[in-house]
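Colleague: Below are the sequence and a predicted model; questions follow.
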Amino acid sequence: MQKIGWIQSLDLEGWQGKNILRFLHLNAPTPAPMLEHLRLVAQGHMVPRVSLPPDISQRVMPSLRPLELKNINISSGFPPLPHLRCLKFTSIQSPAIRPSALLSLIQYSPELETIEVEGVDEEDLSDCPRTRVQLWNLLNLSITSQKIAASALLGHLDFPRSADVTFISEWRHTGNPDLSNLVEICANRFAAHGAHSIDKVQFHGGERFRLSGWCGRHRCLYISFSLERQNIPTGLLTLCLAPRLETVSTLELDRLVEMPQTQWAELFGAFKQVEALRFAGFRIIHPLRALTKVPGNPPLLARLKALQISDCFICQRFNHRASLESKVFTRLTKLLKERKHLEIPVKVSFEFCSVTAAAIGRLEEFSEIAWDNSDIYMSDAYETEEED
């Protein structure tokens with residue numbers, strides 16, 4: 001490949017990274033002024049990673065726009081790539097790129113629009129210069145790492161609030177890890193206004209905690225990590241209480257772990273403009289209690305107009321009759337009656353819930369009810385707890 005200077009696009013795939021580099025035959029850092037597209041992919045699930053040697057990584061490539069590497073390491077030896085617009089880096093094995101190397105690679109690439117990096121290693125960036133990398137053309141940023149600590153990389157980037165952001169941590173963490181960089185990302189993203197403002201937020205608290213922010217039908221914010229079950233409420237509140245959430249009109253809560261009423265009140269207090277609320281797949285007695293008005297205080301989620309309840313326990317069924325003594329049912333009835341009295345009625349819809357026609361009839365005294373006519377039995381292990 002002696003005429004590398006004439007090549008505009010180079011796309012190589014192979015089963016061994018060493019074979020790809022051997023095929024290149026680039027033994028000297030000859031400039032590649034016309035190279036606009038570079039893609040090097042080492043295939044296979046057990047591919048030993050290789051690093052780009054200096055004679056390749058230091059080659060001057062001023063016209064390069066998309067750069068994609070798979071299972072090939074990069075270091076901090078890259079020359080400036082002033083016109084780079086898309087960077088994709090993937091490692092299917094252990095972490096393969098250090099945050100400092102990534103920052104070094106992109107610091108002179110102000111035209112970057114897309115960064116998708118999978119395999120970011122954990123690194124102490126306290127000794128790195130605090131000069132932040134300016135990426136004001138960025139549209140999409142996606143970082144995947146094993147540990148939450150890799151989110152420190154985000155603290156060294158400046159980019160538009162309207163950019164789509166994804167951060168995924170794959171390992172399960174013990175204790176309460178540092179979420180400060182993720183909090184900053186959430187705060188910046190929620191501060192976007194106009195067409196880029198987030199109007200729907202979803203929280204999923206199963207084996208992995210997931211936060212999703214939506215602009216209409218477009219997901220523009222996604223954060224996912226795994227915590228010990230007892231630490232999920234702290235992580236949830238940490239991410240929610242810092243950002244300004246005035247633009248959020250829809251809040252969806254799915255498979256969340258048990259939280260006391262006080263923490264539910266904190267969560268709901270952060271969402272001032274929510275009009276639609278969804279509960280799915282968890283015990284809802286404590287959030288219902290939190291939504292009940294405290295004497296002397298305004299109600300939480302005062303703008304709430306629609307409540308959707310899916311795959312939740314409402315009331316038990318005995319001999320084809322509904323037991324209307326359920327604590328959940330009693331609390332829901334109290335909430336709907338209260339909202340009707342305050343002249344801020346809430347419409348309720350049920351799907352795949354343990355609820356009966358008799359219970360629906362009782363609730364219709366205080367609210368407009370939609371029901372899918374399913375009569376699913378499920379038990380609530382905590383039904384014996386005292387109702388206040």
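Modeller: Received the coordinates, thanks.

Colleague: any weak-confidence spans in the protein?
Modeller: Within the chain, the ranges that satisfy pLDDT under 70 run 1-5, 14-30, 44-59, 75-77, 93-96, 127-131, 316-325, 374-388.

Colleague: What ranges does the stretch 101-250 of the chain have for its helices?
Modeller: Along the stretch 101-250 of the chain, the stretches classed as helices by DSSP state H, counting those that start in this stretch are 180-190, 232-241.

Colleague: can you put those helices in a markdown table and add mean neighbour count and distance to Ala357?
Modeller: Every residue, glycine included, has its C-beta placed from N, CA and C. A markdown table is the format used below for the helices of the stretch 101-250 of the chain (neighbours: other CB atoms under 10 Å; distance: least, CB to CB, whole Å):
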| stretch | mean neighbour count | distance to Ala357 |
| --- | --- | --- |
| helix 180-190 | 20 | 42 |
| helix 232-241 | 19 | 35 |
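
Colleague: And the ones you listed: which comes nearest Leu304?
Modeller: Leu304 lies closest, by CB to CB, to one member of the helices of the stretch 101-250 of the chain: helix 232-241, at 17.0 Å.

Colleague: Sheet-wise, list the partners of whatever helix or strand comes next after that closest one with their directions.
Modeller: Where DSSP states H and E defines the elements, the next helix or strand beyond helix 232-241 is strand 250-254. In the sheet containing strand 250-254, its partner strands are strand 200-205 (parallel), strand 276-280 (parallel), by DSSP bridges.

Colleague: For my notes, please list the ones you listed in TSV and give distance to Glu228 and mean neighbour count for each entry.
Modeller: Formatted as TSV, the strands paired with strand 250-254 follow (distance: least, CB to CB, whole Å; neighbours: other CB atoms under 10 Å):
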stretch	distance to Glu228	mean neighbour count
strand 200-205	12	21
strand 276-280	22	19
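
Colleague: Compare the ones you listed and give me the one nearest Leu141.
Modeller: Of all the strands paired with strand 250-254, the one in closest proximity to Leu141, counting by CB to CB, is strand 200-205 (19.0 Å).

Colleague: what's in contact with that closest one?
Modeller: 209-214, 232, 236, 245, 248-257, 271, 282 (CB atoms under 8 Å, 6 or more residues apart in numbering).

Colleague: Just the buried residues from those residues, in PyMOL please.
Modeller: In PyMOL, a selection of the buried entries from the contacts of strand 200-205 looks like this (16 or more other CB atoms under 10 Å):
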select buried, resi 209+210+211+212+213+214+232+236+245+248+249+250+251+252+253+254+256+257+271+282
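
Colleague: one step back: turn the helices of the stretch 101-250 of the chain into JSON lines, including distance to Ser310.
Modeller: Supplementary listing: the helices of the stretch 101-250 of the chain in JSON lines, determined by distance: least, CB to CB, whole Å:
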{"stretch": "helix 180-190", "distance to Ser310": "26"}
{"stretch": "helix 232-241", "distance to Ser310": "19"}
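
Colleague: who wins for proximity to Phe350 among these?
Modeller: Closest approach to Phe350 among the helices of the stretch 101-250 of the chain (CB to CB): helix 232-241, 24.9 Å.

Colleague: tell me which strands and helices that closest one is in contact with?
Modeller: helix 180-190, strand 200-205, strand 209-215, strand 218-227, helix 261-269 (3 or more CB pairs under 8 Å, 6 or more residues apart in numbering; DSSP states H and E).

Colleague: Please verify my assumption that Leu154 contacts Glu184.
Modeller: Yes. If you go by CB atoms under 8 Å, Leu154 and Glu184 touch, sitting 7.1 Å apart.

Colleague: looking at the helices of the stretch 101-250 of the chain, which is closest to Gln43?
Modeller: By CB to CB (comparing all of the helices of the stretch 101-250 of the chain), the closest turns out to be helix 180-190, at 32.8 Å.
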